[in-house]
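Undergrad: Sequence plus the predicted model coming up.
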Amino acid sequence: MRPGVALCLAVTLAAVGLTSLEQYLTGGVWLETLVLAILLGAGVRAVWTPNPGFNAGIAFSARTLLEIAVVLLGASVSAATLSSLGVPLVFGIFILVALTILVGFAIGRLMGLNTRMALLIACGNAICGNSAIAAVAPVIDADGEEVATSIAFTAVLGVVVVLTLPILGGLLLMTDMQYGVLAGLSVYAVPQVLAAAVPFGFAAIQTGTVVKLVRVLMLGPVILALSLLFRDRSKPAGRPGLHRLLPWFIVGFVLMIGLRSLGLIPQTFLLPIAAASSLLTVISMAALGLQTDIRAVARAGGRAIATVTLSLIALVLLGLSLIRLLEL
């Protein structure tokens, strides 16, 4: 076993242990295992930076295990769940992503960021955080420093959203459906949606996941559009391929939905599949925490901090507006 994977498993076991202790001492779970895994991972990273030998395993846990977890999660969603979103909500998600990119880019430019940096932050905020930044960067010819700064802030603020969004949902007295939509619209990564939605129950988790994956599907059209806009400045190698336009785990998720809808997944397999998805998600969250360098916030410029924060606030406000407009 790679040492990085072993470290993620250790953080996961610690998170599970703390959840059990929390249950024993308080009679309830206030911080879910997913959230504790993020916090513990980030805490470890804050006091100790794993040496390069850990990097491959941590990266594998953060990305590959995350993607496998998402594929397996598809078994919990049927065609009926997708159709339950309705055409207005799906159309609204597309409009929200486009508006969020435009607003985020405008904020970045007003704050004095260059075009590439403003676009990285805008796309990361609007679609799926680090994955969107990594996919967009070669298309717009962004340099390493711009990418690193953007990823540092989306990683840190992604954790902040997971921790604070349930509080906002509670203060606004949102229903499970409303909160699931808000989580899917505003949280950066798919597994983080799970962590943010857990306090509101299974309906919120399911709704949030489907909404988030519809949002992720916008990555393809956005990258395609940017590749056309930046075609004279982009390197040929940076043009998006099919794997960037349609990530494999999205294909896998859709296939699992199809299998579930056709009744090709035995009912007895659903619980083990769900358990495996949950475990892999917690491990990936531990890895994401280990990759979050909170100290990077102090090293980045105030303009980037303001841009990311204001863009995130705009995303949440647009999400709340969409929920109210559609009367969900």
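TA: Yep, that arrived. Numbers count the residues shown, from 1 in each chain.
Undergrad: Pull the distance from stretch 215-227 to the chain's centre.
TA: When C-alpha coordinates are averaged (C-alpha atoms, centre = their mean, to the nearest Å), stretch 215-227 and its chain have centres 16 Å apart.
Undergrad: Please apply the same query to stretch 159-168.
TA: That offset, for stretch 159-168, works out to 13 Å (C-alpha atoms, centre = their mean).
Undergrad: Need the residues that contact it.
TA: By C-beta atoms under 8 Å, 6 or more residues apart in numbering, the surrounding residues in contact with stretch 159-168 are 34-35, 38-39, 42, 179, 182-183, 186-188, 192, 195-196, 199-200, 289, 292, 312, 316. Every C-beta, even on glycine, is put in place using the N, C-alpha and C of the backbone.
Undergrad: Any of those buried? List them.
TA: 34-35, 38-39, 42, 179, 182-183, 186-188, 192, 195-196, 199-200, 289, 292, 312, 316 (16 or more other C-beta atoms under 10 Å).
Undergrad: Now for the chain, the helix or strand with the poorest mean pLDDT.
TA: The helix or strand of the chain with the poorest confidence is helix 242-245; it has a mean of 52 (mean pLDDT, DSSP states H and E).
Undergrad: Ignoring the adjacent residues along the chain, who's closest to A189?
TA: Once flanking residues are discounted, A189 sits nearest to G129: 5.4 Å by C-beta to C-beta, 6 or more residues apart in numbering.
Undergrad: Would you quantify the distance from the one you found to L288?
TA: From G129 over to L288 the distance is 10 Å, taken as C-beta to C-beta, to the nearest Å.
Undergrad: Give me the more crowded residue out of the two.
TA: More crowded of G129 and L288, by other C-beta atoms under 10 Å: L288, with 28 against 25.
Undergrad: Please point out which parts of the one helix or strand that one maps to sit buried.
TA: Using DSSP states H and E, L288 sits within helix 267-290. Within helix 267-290, the residues scored as buried using 16+ other C-beta under 10 Å are 273, 277-290.
Undergrad: Then stretch 248-264?
TA: Applying 16+ other C-beta under 10 Å to stretch 248-264 flags 249-250, 252-254, 256-257, 260 as buried.
Undergrad: Using CSV, lay out those residues together with distance to E67 and pLDDT.
TA: Putting the buried residues of stretch 248-264 into CSV (distance: C-beta to C-beta, whole Å; pLDDT from 0 to 100) gives the following:
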residue, distance to E67, pLDDT
F249, 4, 75
I250, 9, 70
G252, 8, 84
F253, 9, 79
V254, 13, 80
M256, 12, 89
I257, 16, 83
R260, 18, 90
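Undergrad: Could you pick out which of those are located in helices?
TA: Judged by DSSP state H, helices contain the following of the buried residues of stretch 248-264: 249-250, 252-254, 256-257, 260.
Undergrad: Which one of those residues is nearest to T268?
TA: R260 (13.4 Å; C-beta to C-beta).
Undergrad: is it true that the closest one touches A75?
TA: Yes - using C-beta atoms under 8 Å, R260 is in contact with A75, at 5.3 Å.
Undergrad: hmm, back to that, phi, psi of the residue nearest to A189?
TA: With angles defined as degrees, to the nearest 10, G129 sits at phi 60, psi -130.
Undergrad: Might you report the residue contacts of it?
TA: By C-beta under 8 Å, 6+ apart, the contact list for G129 reads 154-155, 158, 188-189.
Undergrad: circling back to that earlier point, using CSV, lay out the buried residues of stretch 248-264 together with distance to P88.
TA: Shown next, in CSV, are the buried residues of stretch 248-264 (distance: C-beta to C-beta, whole Å):
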residue, distance to P88
F249, 27
I250, 22
G252, 27
F253, 22
V254, 21
M256, 26
I257, 21
R260, 25
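Undergrad: for the helix or strand encompassing V211, the distance to its chain's centre please.
TA: Assigned by DSSP H and E, V211 belongs to helix 202-216. Relative to its chain's centre, helix 202-216 lies at 11 Å (C-alpha atoms, centre = their mean).
Undergrad: What residues of it count as buried?
TA: For helix 202-216, the neighbour count (16+ other C-beta under 10 Å) marks 204-216 as buried.
Undergrad: Now do the residue nearest to the spatial centre of the chain against V70, distance only.
TA: When C-alpha atoms, centre = their mean is applied to the chain, the residue found nearest the centroid is A189 (0.6 Å). According to C-beta to C-beta, A189 and V70 sit 10 Å apart.
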